[in-house]
Structure formats: structure tokens, C-alpha cells
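# with the sequence up front, the predicted model follows.
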Amino acid sequence: MRQRIITGVIAGALFIGLTIVGGWLFTTLLVLLALIGFTEYARMNNVAWSHPSSLLGYVGVLLFVLPWSEWGIAIPSALTILWMLAFLLLALTVITKNRTTIDGAALMLLGALYVGYGFAAMGEVRQIEQHGLFWTSLAFGCIWASDIGAYFMGRAFGKTKLWPSISPNKTIEGALGGVLFSLIVAVVFALIVPENIELSKALLVGLIAAVAGQFGDLIQSAYKRVRNIKDTGTLLPGHGGVLDRCDSWLIVFPLLVLTELLPL
């Protein structure tokens, strides 16, 4: 427990500090997290990082997460990137005479999208020209509030299991507590900086962050059960890997971007 607390405090302080600073430091952090996260994903699927399908997956992740526009480099749309990556992975199944299977190709395509676009969306939000730090803080604040609310409300009032076959400790009461805490944080943001966001939109952001964030957690839990592993990695002692810690973020930020709730 002591190691878990120390690791959490140090990692949390570093992440928050770089988020506040923003710029190339935050972008570099996201790129590193994305590469480590995809490595964990490939390893979960018993695919070596040096396997050709993994290497194509890394290319897809980098095409998503690197700040090409800031470097003045025009790259294809996300849909074009996905199609080209799918084509190359499918071509690999032919070149290797099905040693790389279609199932394996599909897994790497999914991983590149899940990890690459997930972290890219975090970068997009932080780089919003008007108040990027505010929008990033709102999203993370709601996500973390949901985690805290779900934990403490679940401990205090949890009786009805939410999804025992996937995550036996989670309860419906805890999930509702997470939604409540997220909405409270969203309201606080709207009240403190009303010129940036109206209350109704803040509540919608809080709701999405809580519900989608909890789904992100369950998605990763379900996948780990399928692969029969406890953690996705060992980067953070006592906390697991990047995908263990960022599972909610990888779902919430893309949803906030795609629903156009944030002024990108």
C-alpha cells in the first residue's frame, strides 16, 4: 500500500505538472504513454513489439498522436489513416501466407485506433486555442471525481453488483456515486468560470465523463479477464501499466471531441 501511494503521488504530480505546462512537454508525455500503451496492448495479445503487425500498429499510433500540424506537415484524415493501416495489415496476411491472421490484423488495427486516437484526443483538447487547460482540467476533474465517488460510495453503500463477471467489486450504488461526484465537479467548474461553459453543457460533460469513463474501466477489465492477466503492465508499481491507469481517459476524451462538446 505504501508503495502504491508513493507511486501514485509522484506519477500524479508529474502528470498534473506537465498538463499545466502544456506545449511540447505535454505532447511528449502523451506520445510516450501512447507507445508504452500500445506495447502493453500488443503484449496482452501475445504479439512481440518487433512483429510486422505490431510495427504497423506503432506507425498508426504515431500518425494519430504526433503533432503533425504544429510541424507544418499535412497528413491524411483519420479515416484515411485507418483505411491505409487496414490495407497494409490485410496485405501482411497475404505476404506472410496467413502466419499473420486476419484476426491478428484486426487486433492491431483496433489497438492503433484505441490507443493512438485516445491519446491524440487528449492532445487536441489541451491544444484548444481558447482555454485549453480549462477544458482539459474539466475533463480530467470529472473523470477522477467519478473514480473517487464510485470507490467511496461503493464502499459505503454498495450492495448491488454492477457486473460481477467482469469486475466483481463494482456496484450499481458505486457507479451512481461516481456519476454524482462527476456532476458536482462539472457544476463547480461552470460556477467558477461561467464565461467558459454554461451549466447545461457542463452537466453533459460530467455525465459523459462518468458514464463513458466507467465503461472504459469495464472494457479494460473485461479484456484482462479474456487474456487472464491482472495488469496490463508494470510501469507503475502498485498501479499496473499505462492502460490500467488511462482506460477511462482513452474513452472519455475521444467522445468529448467527437460529440463536439468542446470548442475545438
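Here it is on my side, so go on. It should be emphasised that the depicted structure is a prediction, and the values quoted were computed from it without experimental measurement. Numbers count the residues shown, from 1 in each chain.
# so which elements touch the lengthiest helix in the chain?
Longest helix in the chain by number of residues (criterion: DSSP state H): helix 199-227. Counting contacts by 3 or more CB pairs under 8 Å, 6 or more residues apart in numbering; DSSP states H and E, helix 199-227 packs against helix 23-44, helix 132-157, strand 167-171, helix 172-192, helix 249-258. From N, CA and C alone the C-beta is placed, and that goes for glycine too.
# what comes up buried for that helix?
Judged by neighbour count using 16 or more other CB atoms under 10 Å, the buried positions of helix 199-227 are 202-214, 216-221, 223-224.
# how close does W71 get to E173?
48 Å (CB to CB, to the nearest Å).
# more neighbours, those two?
A side-by-side neighbour count of W71 and E173, using other CB atoms under 10 Å, places E173 first with 18 against 8.
# these two touch, right, that one and F157?
Yes. Shown here, E173 and F157 form a contact pair, counting by CB atoms under 8 Å, at 4.4 Å.
# who's in contact with A212?
248, 251-252, 255 (CB atoms under 8 Å, 6 or more residues apart in numbering).
# could you identify which of those has the most neighbours?
V252 (28 neighbours).
# tell me how far it lies from Q214.
Using CB to CB, which is the criterion applied here, V252 is 10 Å from Q214.
# domain-wise, how is this structure divided?
As recorded under automatic domain parsing, the domains making up the chain are 1-127, 131-264.
# run the chain-centre distance for the first one.
Counting by CA atoms, centre = their mean, to the nearest Å, domain 1-127 is centred 11 Å from the centre of its parent chain.
# name the residues of the worst-scoring helix or strand of the chain on mean pLDDT that come out as buried.
Sorting the helices and strands of the chain by mean pLDDT, DSSP states H and E puts helix 2-21 at the bottom, at a mean of 84. Residues 18-19 are the ones in helix 2-21 that count as buried (16+ other CB under 10 Å).
# alpha carbons only: can I get it in PDB?
Extracted in PDB, the C-alpha atoms of helix 2-21 (Å, rounded to 0.1, in the frame of the first residue of the first chain):
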ATOM      1  CA  ARG A   2       2.800   2.400   0.900                       C
ATOM      2  CA  GLN A   3       4.500   1.800  -2.500                       C
ATOM      3  CA  ARG A   4       1.200   2.300  -4.200                       C
ATOM      4  CA  ILE A   5       0.600   5.600  -2.500                       C
ATOM      5  CA  ILE A   6       4.100   6.900  -3.200                       C
ATOM      6  CA  THR A   7       4.000   5.900  -6.800                       C
ATOM      7  CA  GLY A   8       0.500   7.500  -7.200                       C
ATOM      8  CA  VAL A   9       1.600  10.800  -5.700                       C
ATOM      9  CA  ILE A  10       4.800  11.100  -7.800                       C
ATOM     10  CA  ALA A  11       3.200  10.000 -11.000                       C
ATOM     11  CA  GLY A  12       0.100  12.200 -10.400                       C
ATOM     12  CA  ALA A  13       2.200  15.300  -9.600                       C
ATOM     13  CA  LEU A  14       4.300  14.800 -12.700                       C
ATOM     14  CA  PHE A  15       1.300  14.300 -14.900                       C
ATOM     15  CA  ILE A  16      -0.500  17.300 -13.500                       C
ATOM     16  CA  GLY A  17       2.600  19.500 -13.700                       C
ATOM     17  CA  LEU A  18       3.200  18.600 -17.400                       C
ATOM     18  CA  THR A  19      -0.500  19.100 -18.100                       C
ATOM     19  CA  ILE A  20      -0.400  22.600 -16.700                       C
ATOM     20  CA  VAL A  21       2.800  23.400 -18.600                       C
END
